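[1] structural data only, the sequence is not supplied:
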Ligand code: FAD
């Protein structure tokens, strides 16, 4: 099933993101965690590609297992930066052969070792190049793209960022998923601006439940997200007590999600970080809203 057909139903739904294992030895543990998350029957599960500690090698294995064993719609992430055309085309063929319909087309972060490399000869400079490749593959993919309510860190300003986003959508994005944010007003402001710029595809907000104090620094480093005072106070008060911090982080994320639904958002994507207990608690907090 195509993600766009799920998220435009206009009834509140929840989807989860998981990441693949880094090594063969952790494969079974990660597989088991993703299966627990699949058992919650979310609207879909996305599986990252070489992000969050995972590698690109096992993305499709995890996707296939969730899809075939649990019947949950899946979204396979794919990145293109510093890859050759042959590698990317082969991956697309593998995705096609696995019967996967939904692909999240990403550039990926520039590896640190290549930060100063001459990129002019790279086959793929930006996500838009991958979207064009997916379109040219002849498969009827439902294509997602990433967007940044607080601006991508490499963009000079929001106007430039939204201009590039429009190009990406015009190349064939069917929907967008946002980077994490901790203040919903940033999302509402962003939505207003992209709609003004003529971007009309559905936008799925991405919510990261912060369940331990160490995650805060990493989340800010990764996303550059603004931390509202309300959130900082919570970390200051409960950060040293793991159980209390987890409970408070889940409550904060739940609160954000309820506000998003109340403001007309249909699907919210939770960066569940392979934590079935966190995914289950958030879903449980929303049981009457979701009708589950
Ligand atoms: P792009 O859309 O290419 O944008 C990157 C930067 O280039 C932006 O500043 C943009 O404004 C600019 N730009 C875009 N097009 C052009 C152009 N034609 N000319 C000049 N500038 C341009 N990373 C992973 O490695 N694996 C994952 O699975 C993964 N999943 C993610 C899921 C989501 C929802 C999000 C938000 C991010 C994810 N990332 C993942 C991280 C992502 O790869 C990085 O944020 C990366 O730096 C940018 O990827 P992008 O696809 O947004 O790139």
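    Arrived safely. Remember, predicted model here, so these are calculated numbers, not experimental data. Numbering: from 1, shown residues only.

[2] make sure residue 243 is indeed in a strand.
    No: counting by DSSP: H, G, I helix; E, B strand; the rest coil, residue 243 is not part of a strand but helix.

[3] what's around it, how many residues?
    Applying other C-beta atoms under 10 Å, we find 9 other residues in the vicinity of residue 243. All C-beta spots, glycine's among them, are computed from the backbone N, C-alpha and C.

[4] and if you look at residue 91?
    22.

[5] can you give me the buried ones in the helix or strand where residue 214 lies?
    Element membership for residue 214, per DSSP states H and E: helix 213-223. By 16 or more other C-beta atoms under 10 Å, the buried positions in helix 213-223 come out as 213, 215-216, 219, 223.

[6] how about CSV for those, with pLDDT added?
    Putting those into CSV (pLDDT from 0 to 100) gives the following:
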residue, pLDDT
213, 89
215, 87
216, 85
219, 81
223, 80
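
[7] the helix holding residue 214 vs the ligand: in contact?
    No: with C-beta under 6 Å from any ligand atom as the criterion, the ligand is not reached by helix 213-223; the gap is at least 7.9 Å.

[8] in what helix or strand does residue 269 lie?
    Element membership of residue 269 [criterion: DSSP H and E] is strand 267-271.

[9] ok, so of the buried residues of helix 213-223, who is nearest the ligand?
    Among the buried residues of helix 213-223, residue 223 lies closest to the ligand (C-beta to the nearest ligand atom), at 7.9 Å.

[10] show me what contacts the closest one?
    Taking C-beta atoms under 8 Å, 6 or more residues apart in numbering, we find residue 223 in contact with 150, 179-181.

[11] can we see that at 10 Å?
    Counting by C-beta atoms under 10 Å, 6 or more residues apart in numbering, residue 223 touches 148-150, 152-153, 178-182, 206, 208.

[12] can you check residue 185 too?
    The contact partners of residue 185, taken as C-beta under 10 Å, 6+ apart, are 149, 226, 228, 259.
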